[in-house]
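Trainee: I'd like to go over a predicted model; first the sequence, then the structure.
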Amino acid sequence: MKGLPIPVWTLAICAAAAVVLGAPQLQAALVYNREAIAAGEIWRLASGNLVHFSGSHFIKDAVALLAIGLLIETGRRRHFALLCLASGSLIGSVLYVATPELLVYGGLSGIVMAAATYLCLHGIEEDGAYRWLCLGVLSFLAVKTGCEIALGFSPLPGADFDGFALVPQSHAVGAATAIALFALENRHAATAKLLGIREG
Amino acid sequence: MRKVVSIVFLCFVLGGCATPTKHTSTSVVDFLYPDVRDPVVSPGTPVLALPLRVGIAFVPGQRGAATSFALTEKRQSDVLNEVANHFKKSPFVRTIEVIPSAYLRPRGGFANLDQIRTMYGVDVIALVSYDQTQFTDQGLLSIAYWTIVGAYIVRGQKNDTHTMLDTVVYDIPSRKMLFRAPGLSEIKGSATLVNQSEQLRTDSEAGVGQATADMIKNLDAQLLAFREKVKERPEEYRVVRTESYRGGGMVDGLMLALLGALLGGAYWGRRRK
């Protein structure tokens, strides 16, 4: 019996974030810090996603990434690592350009958002109730992120951020990266199909 | 003898018709600007270093003035802690210190606030004042008091308790008021003649509780409005962000629930295949 593939990338990212959470020196070296980035430490644009400001911040992000990553990697989607790397780097870069007032940023939720969007976009292509579930989740995430950007805070009751300001732009960038990757995959698939028809 | 009875009856009737009112209050203006001979304090431009170090305190009442039934030192501390806990996790707030009323002098003014600033290391202070008025009237049922027993069992006293708590937030170095938020409550109740004072105390406490909840709600709204004002008028408020001002993204409870549904849906779909 062939077992499910191990979600290597998901486990690696969560483990890395856990190590960073337990090592304050690593946190200081990896967190998105605008002044340090301006001084040339550009790895912080991507590595900031691995830094969390509290245990509950880490647990919520890690649980969400584990759930989504498990689905994507066991579903044999090939580009999960590319998605994580691209969304992580783009989140830091866009925040650096678009939010000059933000000095310090951390959290995996932008990558979680990218993964959730990617999963739902692929889910819409499937049949049955799961398709509608994916469509519903995708619509909800779009409305939620839109509201958060417009209002500057989460309108959901009980949304509690442990002493840091919500940065919904990171979620929007994550979702945009997933949409771009999905579009590229579909374009390649369409091209391959077209070539196959011509050769046939 | 008949004359005495008539006088006693008249006193009773007049006493019954009287509407005693109890009013207690504290005033931010009396506290901050105690001496009218002083020149008016002209506020400067506040420099708000985010996240802020905030103090919160009740405005002390005048010496010898009546104090509210409900706002004992313990209750004041509870109200301040309730407000402080609500704002403790805000990204704009680094620390929020509850300042006991013993540290504020009646009519202490900004000099007193400067002392608080040095003692507690706060830049911004939220001053909470209150105003509570209790009206008591007698309803038609109070006629049963003539039976003596009625005074114990018939709720002939009608009470109205109006409470206002008001929080004013000041930047201490610049003497500038940043924003304010009131909390209001109106409680109507009734009591027997005998337990009237106990009922008034209960209403007074309930009024403070309701006004506190209303004030916290209004503080949320005013804080949002203040954020917009700061963005729109940078010449009036300077904002400096220190390294402690952090931003982040976090998955909230509802998003986790949705992702759980996705996980369940996917596994259900795969098992069916």
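Mentor: It's in.

Trainee: Return the helix or strand in chain A with minimum mean pLDDT.
Mentor: strand A:165-166 (a mean of 76; mean pLDDT, DSSP states H and E).

Trainee: show me the contacts for the nearest residue to residue A:64 once chain neighbours are set aside.
Mentor: The shortest distance from residue A:64 to any non-neighbouring residue, by C-beta to C-beta, 6 or more residues apart in numbering or on different chains, is to residue B:251 (4.2 Å). In short, each C-beta sits where N, CA and C put it, glycine included. Going by C-beta atoms under 8 Å, 6 or more residues apart in numbering or on different chains, residue B:251 touches A:60, A:61, A:63, A:64, A:109, A:112, B:259.

Trainee: Quickly check: the longest helix anywhere in chain A near chain B or not.
Mentor: With secondary structure taken from DSSP state H, chain A has its longest helix at helix A:168-199. Yes - for helix A:168-199 and chain B, the contact criterion (C-beta under 8 Å from any C-beta of the partner chain) is met by A:168, A:170, A:171.

Trainee: By neighbours, which of the contacts of residue B:251 wins?
Mentor: Among these, residue A:112 has the most neighbours (other C-beta atoms under 10 Å in any protein chain shown), with 32 neighbours.

Trainee: Does residue B:137 belong to a helix, a strand or coil?
Mentor: In three-state terms, and counting by DSSP: H, G, I helix; E, B strand; the rest coil, residue B:137 is strand.

Trainee: my guess is it contacts residue B:158, does it?
Mentor: Yes - counting by C-beta atoms under 8 Å, residue B:137 does reach residue B:158; the two are 4.7 Å apart.

Trainee: could you give the mean pLDDT of stretch A:144-164?
Mentor: Stretch A:144-164 shows a mean pLDDT of 68.

Trainee: Residue B:230 - how many residues pack around it?
Mentor: Residue B:230: 16 neighbours (other C-beta under 10 Å).

Trainee: measure it to residue A:102 for me?
Mentor: Residue B:230 sits at a distance of 16 Å from residue A:102 (criterion: C-beta to C-beta, to the nearest Å).

Trainee: next one: residue B:208
Mentor: On the measure of C-beta to C-beta, residue B:208 and residue A:102 end up 40 Å apart.

Trainee: and the two? which has more neighbours close in?
Mentor: residue B:208 (25 against 20).

Trainee: Residue B:125 looks like it's in a strand, true?
Mentor: Yes - assessed with three-state DSSP, residue B:125 lies in a strand.

Trainee: Residue 53: what secondary structure?
Mentor: By default, I'm working from chain A. The three-state label given to residue A:53 by three-state DSSP is coil.

Trainee: try chain B instead
Mentor: Under three-state DSSP, residue B:53 comes out as strand.

Trainee: can you give me the strands for chain A?
Mentor: With strands called from DSSP state E, chain A shows them at A:32-33, A:104-106, A:165-166.

Trainee: Among these, show me which one is buried the most.
Mentor: Neighbour counts (mean count of other C-beta atoms under 10 Å in any protein chain shown) averaged over each of these peak at strand A:104-106, with a mean of 28.

Trainee: Name the nearest residue to residue 86, ignoring sequence neighbours.
Mentor: No chain was given, so I picked chain A. Among residues not flanking residue A:86 along the chain, residue A:177 sits closest, at 5.3 Å (C-beta to C-beta, 6+ apart).

Trainee: Chain B was what I was after
Mentor: Using C-beta to C-beta, 6+ apart, the closest residue to residue B:86 is residue B:216 (5.3 Å).

Trainee: so how far is residue B:81 from that neighbour?
Mentor: From residue B:216 to residue B:81 the distance is 12 Å (C-beta to C-beta).

Trainee: More neighbours: which of these two?
Mentor: Remark: of residue B:216 and residue B:81, residue B:216 carries more neighbours, 19 against 14, as counted by other C-beta under 10 Å.

Trainee: Could you pull up the residues touching that one?
Mentor: B:82, B:83, B:86, B:183.

Trainee: which stretches of chain B have low pLDDT?
Mentor: Applying pLDDT under 70 to chain B flags residues B:1-19, B:36-41, B:63-70, B:89-91, B:243-245, B:272-273.

Trainee: How about chain A?
Mentor: Using pLDDT under 70, the flagged stretches of chain A are A:1-4, A:76, A:152-163, A:193-200.

Trainee: Mind checking what secondary structure residue B:251 has?
Mentor: Quick answer, by three-state DSSP: residue B:251 is coil.

Trainee: one step back: from the chain's centroid, how far away is the helix or strand encompassing the residue nearest to residue B:86?
Mentor: Here residue B:216, judged by DSSP states H and E, is contained in helix B:196-232. For helix B:196-232, the distance from its own C-alpha centre to the chain's C-alpha centre is 5 Å (C-alpha atoms, centre = their mean, to the nearest Å).

Trainee: mind listing what's buried in it?
Mentor: Along helix B:196-232, these residues count as buried under the neighbour rule (16 or more other C-beta atoms under 10 Å in any protein chain shown): B:196, B:199-200, B:202-212, B:214-216, B:218-219, B:222-223, B:226, B:230.

Trainee: pull the CA atoms of the strand or helix carrying residue B:151 into PDB?
Mentor: Using DSSP H and E, residue B:151 maps to helix B:150-153. The C-alpha trace of helix B:150-153 is given here as PDB (Å, rounded to 0.1, in the frame of the first residue of the first chain):
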ATOM      1  CA  GLY B 150     -47.000  48.400  53.900                       C
ATOM      2  CA  ALA B 151     -43.700  50.200  54.600                       C
ATOM      3  CA  TYR B 152     -42.000  46.800  54.700                       C
ATOM      4  CA  ILE B 153     -43.700  45.000  51.900                       C
END
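
Trainee: what are the pairing partners of the next helix or strand after it, and which direction each?
Mentor: As assigned by DSSP H and E, the chain's next helix or strand after helix B:150-153 is strand B:157-171. Strand B:157-171 has the following strand partners under DSSP bridges: strand B:124-138 (antiparallel), strand B:176-191 (antiparallel).

Trainee: Cool, thanks, signing off.
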